[in-house]
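quick one: sequence plus predicted model below, questions after.
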Amino acid sequence: MHSQVYLTIACLAVALAAGATYALVTDGGRVKVSTAAVIEATKAVVPNPPASNKPLEAKTPQPELPVVAEQLRRELAASLGASVDEVTVNNLERRTWPDLCLGLPQANEMCGQSMVEGYRVVLSSGFGRYTYRTSLDGSLVRVE
């Protein structure tokens, strides 16, 4: 919104130098006023513009990570001797795994034949990239 106001002020300043008039649109109709009046009205709305000419950046809210992803970040950081801030979640996908081994049976392992809802989580740090398969609650975890 501020960038629109400042663009309006800039356009009005140029027009004022040329002695032009502008039409302001209000709730109900048109009111024609001099450019000087428009500039004064705009100054009343934005009395102290920001010091910088940088456009204001809208912060996009980040979706909250599932508890299991945060748990994996903490565990990986601890095992690497790193801080949690050094481990990032690169990808998180909700998946349905074909069995209790999360589709990754080990040699001679019997896996319960029950579908498991969970996640595929890809983490990375300065030490490498790590991919996990989990159940929704994190009670089952496998490394790819």
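Structure received.

domain assignment for this structure?
In terms of domains, the chain is parsed into 2-45, 67-143 (source: automatic domain parsing).

by mean pLDDT, show me the worst of those domains.
Out of the domains of the chain, the stretch the model trusts least by mean pLDDT is domain 2-45, with a mean of 47.

now Leu76, what are its backbone angles?
Phi and psi for Leu76, reported as degrees, to the nearest 10, are phi -70, psi -40.

ok, it - how many residues close by?
Using other Cβ atoms under 10 Å, the number of residues around Leu76 comes to 20. Placement of C-beta: from N, CA and C, glycine included.

same question for Asn90.
Around Asn90 there are 11 residues (other Cβ under 10 Å).

with adjacent residues omitted, what lies nearest to it?
Val122 (4.5 Å; Cβ to Cβ, 6 or more residues apart in numbering).

where's that neighbour, which helix or strand?
Using DSSP states H and E, Val122 sits within strand 116-125.

do you know how far Gly126 is from Val84?
Computed as Cβ to Cβ, to the nearest Å, the Gly126 to Val84 distance reads 13 Å.
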